[in-house]
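**Q** what follows is a predicted protein model with its sequence.
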Amino acid sequence: MKVPIVQAGIGPMTLSENREVIFKGMEEAMKSEPDIIVLPEMWNSGFFPEKFTDDDDYKEEELQEALSRFARHHQVNLVAGSMTVREKVGRANRSFIYDRKGALLGTYDKSHLFPVGEEKNFFTPGDHNLSFSLDGIDCGIVTCFELRMPEWVRLAVSGKAKILFVPAAWGLSRVPHLHLFAKARAVENQCFVVVVNCTKMGDYHAMGGGGSCIYGPAGEEILMTGTEEAVKTVNLNLEQIEEEKAFFDLYKERRPELYEGLVQ
């Protein structure tokens, strides 16, 4: 399965520029004849809640229509990262999934909000995970900070997802943690973990530190980027998952009756 990541340079509330760099990146990704294009977190507004005002227009409906048209026109699946979306009360950090016909398969609202900065003050957390299928392949999704939550990732994968997608706006100083957690989540869930971070646009405040990465079910590094804007494609061999589980299937070896303390 061919999966390109779009590590885009994103600016704070530079909506037109952000859209241009994202759609340019998706067009670049199409050169590899991909199956699934993956985008970073909050790419419409940038991850900078401190700059948000009550008058902001995030263009989310317009962008959803454009994403659907792109997927339908190019006949490609989109894990369209996440966007800042205005709700009746507050905002959501919402991911969008489109199939090759441009149909919206589902949305996912980030459920564990970053405790540093203003995300908790401006956003309403989600309360459920999302499972979906692309080209018959079971997939899951979490957003950025949630990669630090092994229980939530385990629920997102539930022993069946072959690919976990992680849109991110992960800070440069903590990128080593990003790689550590991505590798660990891949090994303990025996799946591919695809993390797409954003990076710095020009002279603007950095929305993310790059370092997008993909790890395989045995923890093998498949892709690692630097801090530059990048569009990179990898071909995931999904048969590796069954090969890994043939030795032992970690999900089946769990003993949930012992874990009641986790929800107290």
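**A** That came in fine, so what should we check first? Numbering: from 1, shown residues only.
**Q** how about the helix or strand hosting Glu243: buried residues?
**A** Using DSSP states H and E, Glu243 falls within helix 239-247. For helix 239-247, burial by neighbour count (16 or more other Cβ atoms under 10 Å) applies to 240-241, 244-245. C-beta: built from backbone N, CA, C; applies to glycine.
**Q** can you convert the residues you listed into CSV and add a column each for pLDDT?
**A** Shown next, in CSV, are the buried residues of helix 239-247 (pLDDT from 0 to 100):
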residue, pLDDT
Gln240, 97
Ile241, 98
Glu244, 96
Lys245, 97
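**Q** what are the boundaries of the strands in this structure?
**A** Taking DSSP state E as the criterion, the chain carries its strands at 2-7, 9-10, 36-38, 77-86, 91-98, 104-109, 131-134, 137-141, 163-168, 192-197, 199-200, 213-215, 221-224, 230-235.
**Q** mean pLDDT, mean neighbour count and distance to Glu65 added to those strands, as a markdown table?
**A** Formatted as a markdown table, the strands of the chain follow (pLDDT from 0 to 100; neighbours: other Cβ atoms under 10 Å; distance: least, Cβ to Cβ, whole Å):
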| stretch | mean pLDDT | mean neighbour count | distance to Glu65 |
| --- | --- | --- | --- |
| strand 2-7 | 98 | 25 | 19 |
| strand 9-10 | 98 | 28 | 20 |
| strand 36-38 | 98 | 28 | 17 |
| strand 77-86 | 97 | 25 | 12 |
| strand 91-98 | 98 | 23 | 11 |
| strand 104-109 | 98 | 18 | 10 |
| strand 131-134 | 97 | 18 | 20 |
| strand 137-141 | 98 | 22 | 21 |
| strand 163-168 | 98 | 28 | 20 |
| strand 192-197 | 98 | 28 | 22 |
| strand 199-200 | 97 | 22 | 26 |
| strand 213-215 | 98 | 24 | 29 |
| strand 221-224 | 98 | 16 | 30 |
| strand 230-235 | 98 | 17 | 23 |
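**Q** for the buried residues of helix 239-247, which one is nearest Asp138?
**A** Nearest to Asp138 among these, counting by Cβ to Cβ, is Ile241 at 10.3 Å.
**Q** you'd agree the closest one is up against Lys160?
**A** No - using Cβ atoms under 8 Å, Ile241 is not in contact with Lys160; the gap is 10.1 Å.
**Q** thinking again about what came up before, Ala29: which of the strands of the chain is closest?
**A** Nearest of the strands of the chain (Cβ to Cβ): strand 2-7, 3.8 Å.
**Q** restrict that closest one to CA atoms and write it as PDB.
**A** As requested, the backbone C-alpha atoms of strand 2-7 are provided in PDB (Å, rounded to 0.1, in the frame of the first residue of the first chain):
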ATOM      1  CA  LYS A   2       1.600   3.300  -1.100                       C
ATOM      2  CA  VAL A   3       1.300   6.000   1.600                       C
ATOM      3  CA  PRO A   4       2.700   9.500   1.100                       C
ATOM      4  CA  ILE A   5       3.000  11.900   4.000                       C
ATOM      5  CA  VAL A   6       2.800  15.700   3.500                       C
ATOM      6  CA  GLN A   7       5.000  17.400   6.000                       C
END
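**Q** tilt between it and strand 163-168?
**A** 10 degrees (axes from the mean of the first three to the mean of the last three Cα atoms, to 10 degrees).
**Q** touching strand 2-7 from outside, list them.
**A** 22, 25-26, 28-29, 32-40, 163, 194, 196-199, 210, 212, 214, 223, 225, 228-236 (Cβ atoms under 8 Å, 6 or more residues apart in numbering).
**Q** hmm, try it at 7 Å
**A** The contact list for strand 2-7, computed with Cβ atoms under 7 Å, 6 or more residues apart in numbering, reads 22, 25-26, 29, 32-40, 194, 196-199, 210, 212, 225, 229-236.
**Q** and stretch 145-157, by the same measure?
**A** Under Cβ under 7 Å, 6+ apart, the answer for stretch 145-157 is 110-112, 114, 129, 140-142, 164, 166, 181-182, 185, 188-189, 191, 262.
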